[in-house]
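Enquirer: Structure for this input, please:
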Amino acid sequence: MTGGSNGRGVIVTGAGSGIGRAAALAFAAQGDRVLVADLDAGRADAVVREIGEAGGTAVAVTGDLSEQAVVDRVAATAVERFGGVDVLVNNAGIMDSMSAPADVSDAEWERVIRVNLTAPFLLARAVLPHMLAAGRGAIVNTASEAALRGSAAGAAYTASKHGVVGLTKSLAVMYRKNGIRANAICPGGTATAISVEADRTAHGPAALGPHFVNLGRVSRPEEQAAAILFLASDAASNVNGAILPVDDGWSAV
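Expert: Numbers count the residues shown, from 1 in each chain. Below you'll find the predicted structure:
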């Protein structure tokens, strides 16, 4: 793999908006072919059109990435259209309601873990055979500031993003001798469409409130995408298992 216009096959999840959209556009702008995976068909198709109008190559696959059948379709489509998978960006995710552990419902816990942690695992497992056959590959996971501390989200989201860090490090160790690298970014506050529906009077939001004073500057999605592109490029050829905060120093406070 190279860092420039090389026509790599790239999968970006959650690519219909926010960080994922910015990453998909940036990969396409440097000549990579991009599979835009998103739950929302309209947003995914819009990104594909935008890439095509700029002279790039992209295809959309829509569906719930926590479902194995959708993951299989994503991997199969990338292999069919691009001849393989050079880069996987596990970016899709959902927020929790900032619930404290005693207040998290089974439904919230299972949904957040399934989307934020199980889906990246399923996607990595699906593309690894193709990367192993090629002897190369880069996986970049979107973790979170919540992966570095216990005060940036509720119990379910925090646990899911800590899990993403563990998954990233496991991938890095297991496949470093096979030419495959795995790294993660930990975004701080970023201007995206992700929303939080929380009862501010509940224990979780009330307990977390004082810890957000050091949030730092809210970043643009393009700033997060730039870090993703770096980690997926040959400029980061010896970077493996790194957990990179992209948070204006929030994690340093």
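
Enquirer: Show the subsequent helix or strand relative to the lowest-mean-pLDDT helix or strand in the chain.
Expert: Ranked by mean pLDDT, DSSP states H and E, the weakest helix or strand in the chain is helix 203-208, scoring a mean of 61. As assigned by DSSP states H and E, the chain's next helix or strand after helix 203-208 is helix 221-232.

Enquirer: what's the following helix or strand after that next one?
Expert: Moving toward the C-terminus from helix 221-232, the next helix or strand (DSSP H and E) is strand 243-246.

Enquirer: Neighbouring strands - and their directions - for that following strand?
Expert: Looking at strand 243-246 with DSSP bridges, its paired strands and their directions are strand 180-187 (parallel).

Enquirer: angle of the partner strand against helix 221-232?
Expert: 160 degrees (axes from the mean of the first three to the mean of the last three Cα atoms, to 10 degrees).

Enquirer: Off-centre distance for strand 180-187?
Expert: Using Cα atoms, centre = their mean, to the nearest Å, we find the averaged C-alpha position of strand 180-187 to lie 9 Å away from the chain's own average C-alpha position.

Enquirer: Next, the contact list for the spatially most central residue of the chain, please.
Expert: The centre of the chain sits closest to residue 91, judged by Cα atoms, centre = their mean, with a distance of 1.7 Å. With Cβ atoms under 8 Å, 6 or more residues apart in numbering as the criterion, the residues that contact residue 91 are 12, 13, 14, 15, 19, 20, 23, 141, 142, 228. The C-beta positions use only the backbone N, C-alpha and C, and glycine is treated the same way.

Enquirer: biggest separation within those, which pair?
Expert: With distances taken as Cβ to Cβ, the most widely separated pair in the contacts of residue 91 is 15 and 141, at 14.3 Å.

Enquirer: quick check, nearest of the contacts of residue 91 to residue 76?
Expert: For the contacts of residue 91, the closest approach to residue 76 (Cβ to Cβ) belongs to residue 13, at 15.1 Å.

Enquirer: What sits closest to the closest one if chain neighbours are left out?
Expert: Counting by Cβ to Cβ, 6 or more residues apart in numbering, residue 13 lies nearest to residue 92, which is 3.9 Å off, once chain neighbours are set aside.

Enquirer: roughly how far apart are the one you found and residue 101?
Expert: When Cβ to Cβ, to the nearest Å is applied, the distance between residue 92 and residue 101 equals 24 Å.

Enquirer: okay, these two: which has more neighbours?
Expert: Under the criterion of other Cβ atoms under 10 Å, the comparison of residue 92 against residue 101 puts residue 92 first, with 25 against 13.

Enquirer: Tell me if I'm right that residue 165 and residue 147 touch.
Expert: Yes: the pair residue 165 and residue 147 passes the contact test of Cβ atoms under 8 Å, sitting 4.8 Å apart.

Enquirer: Counting neighbours, go ahead and name the busier of the two.
Expert: A side-by-side neighbour count of residue 165 and residue 147, using other Cβ under 10 Å, places residue 147 first with 28 against 18.

Enquirer: ok now do the more buried one, which residues does it touch?
Expert: For residue 147, the set of contacting residues under the criterion of Cβ under 8 Å, 6+ apart consists of 158, 161, 162, 164, 165, 184, 186, 243.
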